[in-house]
Structures are given as structure tokens and as C-alpha cells.
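Asks: Structure for the following, please:
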Amino acid sequence: MKKLYIVSLLLILQTFGCGPQTGSKEEYTDSKNINSIESGTEVVVEAENYASASAPFNVINEDVSYVEMDRAGWLAFDVTFETAGRYRSEVSASSNDEATIWIEDYYDNTDGRTYNVTGDIIITSQNQFEKFYVEGSPFNRTTHKIKLHLGQGVIKIDKIVFTLMKEHQKTPGNFVQNTEGNEWKLNWSDEFDGNELDTSKWTYDIGNWGWGNNELQYYTDTRRENARIENGHLIIEARKNDMGYPWTSARLTTRGKVSFLYGKIELRAKVPREKGNWAAGWTLGDEYVDELSWPYCGEIDILESVGYEVDDETGDGIAHATVHTPAYYFKIENQISSTKEVPNIAGEFHTYAVEWYRDKILGFVDGEQYYIYDKSANEKEWPFDKPQNIILNLAMGGGWGGAQGMDTTVTSQKFIVDYVRVYELK
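Replies: As a prediction, the model looks like this:
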């Protein structure tokens with residue numbers, strides 16, 4: 001095991017978006033005389049080695065050395081990851097009162113962005129150090145500038161451990177679709193036949209770090225309760241109070257398997273209806289590794305639907321199509337979107353598609369165009385000359401899905417997909 005001296009910290013706890021949550025706990029042990037160790041799969045960081053702070057917080061050297069933050073503010077750290085991937089991020093901490101913290105990654109970014117990689121985390125451990133964690137946080141292979149923010153309360157921090165859960169997999173190949181011709185011809189598809197998900201086409205994103213939107217769900221890995229094939233359909237099911245989490249669900253991606261450049265991407269789906277859900281079929285640039293990658297990698301939202309826009313009685317709802325680029329994205333509130341009312345969006349299957357050309361993207365519902373994006377003056381407007389992977393997911397709560405609250409009576413939501421197809425012109 002190689003010993004690296006890195007002034008570093010990342011704190012992540014089990015967090016579930018909007019409501020305060022206490023992180024998962026494990027039996028506590030202390031490691032002496034370790035500054036920072038990187039083994040390829042695990043990084044251990046001692047909190048007292050912070051690089052700078054918003055105030056002169058006390059460093060206490062007792063049986064366990066720790067930092068005591070007794071007021072709102074932040075500690076800044078550098079932490080080096082040797083392997084890109086999804087991490088379990090764990091902190092050993094205690095608080096005599098209730099303390100609220102969150103972690104900012106890449107605080108030195110030049111875009112003025114705030115990359116919150118945990119959401120609000122509540123520490124309630126009394127008079128002893130406990131381990132709190134979240135899972136699935138993305139980190140690239142680099143040194144990260146990180147701030148631990150304390151919003152309220154008093155907290156003692158001993159150490160942080162990052163454990164690699166899933167290494168980032170680069171996509172080995174891609175389909176480049178022809179965009180000139182008279183007729184769309186099928187080039188790739190998943191019809192969701194058979195009994196099991198085709199893992200040569202799909203993999204799972206995992207974890208409960210909030211996904212940049214303070215979402216509530218834990219995305220599971222190869223768990224049939226959350227993602228399965230039934231009667232020729234893909235069922236993505238969100239389940240309440242499951243596995244010790246407020247919600248579980250699934251997020252499937254073709255990243256690491258196959259990606260696509262140009263062409264027509266189409267899915268036939270039925271969305272859930274109750275307030276609090278957020279169903280999506282979309283693409284994300286293959287260059288995405290962690291939050292700094294977005295929106296430079298580009299994103300194309302083929303279908304987004306939120307439950308509070310669906311009529312309880314008729315099932316009528318609204319389909320959203322959007323793209324996100326460095327020039328236009330929702331964090332700066334200038335994204336270019338269109339919406340379309342869809343009759344019985346929750347009770348019947350409808351077809352959602354984009355036609356992705358070299359200079360424009362068109363969006364459709366049931367063959368009717370309702371969206372166009374044609375900004376291609378430079379790389380910030382048009383990152384869509386590089387491959388994208390397809391993602392299907394069902395989120396719960398968060399900045400959009402939970403914008404009007406959650407239906408507390410609901411215990412299950414299902415996003416049902418009949419097929420995904422990619423075409424090129426001939």
C-alpha cells in the first residue's frame with residue numbers, strides 16, 4: 001500500500017435530498033499516524049490536515065485527533081484520486097447538537113459553479129465518533145479542490161475514507177449514424193424480450209449521493225425489484241422505505257457498452273403518475289466522468305416527465321424535451337426546452353424521439369415534432385459532435401420531481417419501457 005501525503009478531505013454521509021437524514025453508521029475504529037493513503041481502491045484522510053478554512057477552527061490532539069467546527073463556515077482540502085469511478089464516501093464525526101453539512105467539489109472551477117456532491121447531511125451522533133456515508137459519488141482521476149461546509153451546529157471531524165465501488169468504464173465503441181438519406185433504417189435496439197436485462201447493452205449507475213439534484217432514491221445494481229424484464233417490457237420500479245432507504249430505484253446506461261453519434265433515438269414508454277416521481281429517457285456525453293464534466297459533455301433529454309404534472313384521473317401529462325450545453329443549461333436557467341401535452345401519458349404507451357443531425361436536434365412525441373435546438377456557432381453551443389450514451393432512470397423527489405412535494409401515500413412507482421431504438425438515414 002503506497003503512502004501519499006495529501007492534504008485532503010471529502011465528507012459524504014447518507015443523504016436523501018430534501019429532508020434531513022442521519023447517515024448510515026458503522027462500528028468506529030481510529031487509525032493513528034496516517035495522513036492520507038491511496039491504494040487504488042481506498043483513500044484515507046485525516047481531517048486535521050486541512051489546507052485553509054473560513055475561520056481558525058480548533059485542532060484537538062487526544063486519543064483521537066480531530067477538528068472542531070464551532071460555527072458556520074468551511075474547511076478546504078485537496079484530495080487525490082488515482083482511479084476514476086463511483087465511490088462510497090465515509091466520514092467519522094460527532095456532534096453534541098444537530099449539525100448540517102455538505103460537500104462542494106471543484107470549488108476552484110472557472111465557471112462560478114457550485115458542485116454539491118452530497119446535499120444537506122444531518123449529523124446527530126452524540127458524544128462519540130460515528131461513521132456516516134453515502135454511495136456512488138463520482139470522482140475523476142485527479143486532485144480535487146473540496147470544501148466541507150457547515151451550515152449550522154457544532155461538529156467534530158476525525159477522518160474520511162473513500163472506497164471505490166465501481167471503476168469508471170470507458171465505452172469501447174460507438175455507432176455513428178448516417179444523417180443523409182430518405183428513410184430511417186434500424187441500426188441498434190433493445191426490444192426487452194426474454195427474461196433478463198441484456199448486460200451486453202446496459203450497466204447500472206449506483207448510489208444515493210443526490211445526483212446533483214437532491215434526489216431521494218438509492219439506485220441499486222442488478223436488483224430485480226428495481227429493474228427487470230416482464231412481458232417484453234423493461235420495468236424500472238421505485239420502492240419506498242426499501243433496503244433502509246427512503247426510496248430505491250434504478251438508473252440504466254449504455255456507457256461502457258456502446259454509445260451513439262447522430263441518428264434517430266426513439267423509445268416507447270409509459271410514465272408513472274403520482275406526485276414526486278421524475279422519469280427520464282435521455283443521453284449523456286461519453287466524456288462525463290464526474291460533475292466537472294457536465295454540461296461540457298452535452299445532454300439530450302428525449303423524454304422527461306414529473307408526476308405533479310400528470311392528472312390523477314385522466315392520466316394526461318406533459319412531455320419535456322431539452323438539451324444542456326455549456327452555453328445553455330438549467331443551472332444558469334437558460335436551457336432551451338419545449339413541452340407537449342400528451343393524453344394519458346401515464347396510462348398508455350407513447351413514442352418519444354429525437355433526430356440528431358450534425359447541426360440541429362429535433363424532438364418528437366408520437367411522430368409529431370415539437371422541439372428544435374439549432375445553436376451550433378461554437379463548442380459551448382454545440383458539444384454534440386461526440387458520442388453520447390443512453391440513460392433510462394426513475395428518480396424520486398429532488399429539485400424538480402419533488403418541487404411540489406411528495407404523495408405520501410405512494411409506496412411504488414413504475415417507469416415502463418417497451419423498446420429503445422436507434423436509426424440512421426439511408
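
Asks: What sits closest to Ile155 if chain neighbours are left out?
Replies: Nearest non-adjacent residue to Ile155, counting by C-beta to C-beta, 6 or more residues apart in numbering: Ala99, 4.2 Å away. No exception for glycine: its C-beta is placed from N, CA and C like everyone else's.

Asks: and the residue nearest in space to the middle of the chain, what does it touch?
Replies: Nearest residue to the geometric centre of the chain (C-alpha atoms, centre = their mean): Trp211, 2.9 Å. When contacts are counted by C-beta atoms under 8 Å, 6 or more residues apart in numbering, Trp211 touches Ala395, Gly398.

Asks: pLDDT score assigned to it?
Replies: Among the per-residue scores, Trp211 holds a pLDDT of 95.

Asks: element containing it, please.
Replies: When secondary structure is defined by DSSP states H and E, Trp211 falls outside every helix and strand.

Asks: Check Asp78 too.
Replies: Assigning secondary structure by DSSP H and E places Asp78 in strand 73-80.

Asks: How about that strand, which residues are buried there?
Replies: Of the residues in strand 73-80, Trp74, Leu75, Ala76, Phe77, Asp78, Val79, Thr80 count as buried by neighbour count, 16 or more other C-beta atoms under 10 Å.

Asks: Quick one: neighbours of the closest residue to the second one other than its chain neighbours, just the number.
Replies: If I follow you right, that is Leu75. Closest residue to Leu75 in three dimensions, ignoring its sequence neighbours and counting by C-beta to C-beta, 6+ apart: Tyr50, at 4.3 Å. The burial count assigned to Tyr50 is 23, neighbours taken as other C-beta atoms under 10 Å.

Asks: Next one: Tyr50 from Leu148, what distance?
Replies: Applying C-beta to C-beta, to the nearest Å, the value for Tyr50 to Leu148 is 8 Å.

Asks: Likewise for Asp120?
Replies: Separation of Asp120 from Leu148 (C-beta to C-beta): 13 Å.

Asks: go on, Ala72?
Replies: Computed as C-beta to C-beta, the Ala72 to Leu148 distance reads 12 Å.

Asks: Does Lys264 touch Tyr423 like I think?
Replies: Yes. The pair Lys264 and Tyr423 qualifies as a contact (C-beta atoms under 8 Å) at a distance of 4.1 Å.

Asks: got any residues that touch both of these two?
Replies: Common neighbours of Lys264 and Tyr423, counting by C-beta under 8 Å, 6+ apart, are Gln177, Trp184.

Asks: returning to that earlier point: what mean pLDDT would you report for the following helix or strand past the strand holding Asp78?
Replies: Following the chain from strand 73-80 toward its C-terminal end, the next helix or strand by DSSP H and E is strand 85-94. Per-residue pLDDT values over strand 85-94 give a mean of 89.

Asks: Would you mind getting the angle between the helix or strand following strand 85-94 and strand 85-94?
Replies: Heading C-terminal from strand 85-94, the first helix or strand you meet, by DSSP H and E, is strand 99-105. The directions of strand 99-105 and strand 85-94 differ by 150 degrees, with axes from the mean of the first three to the mean of the last three C-alpha atoms, to 10 degrees as the criterion.

Asks: What is strand 99-105 packed up against?
Replies: Packing contacts for strand 99-105, counted by 3 or more C-beta pairs under 8 Å, 6 or more residues apart in numbering; DSSP states H and E, involve strand 115-116, strand 121-123, strand 143-152.

Asks: rerun at 6 Å
Replies: In terms of contacts (3 or more C-beta pairs under 6 Å, 6 or more residues apart in numbering; DSSP states H and E), strand 99-105 is packed against strand 121-123, strand 143-152.

Asks: next one: the first one to chain centre, how far?
Replies: Looking back up the chat, that one is strand 121-123. Using C-alpha atoms, centre = their mean, to the nearest Å, the distance from the centre of strand 121-123 to the centre of the chain it belongs to is 20 Å.

Asks: and if you look at the longest one?
Replies: Between the mean C-alpha point of strand 143-152 and the mean C-alpha point of its chain there is a distance of 19 Å (C-alpha atoms, centre = their mean).
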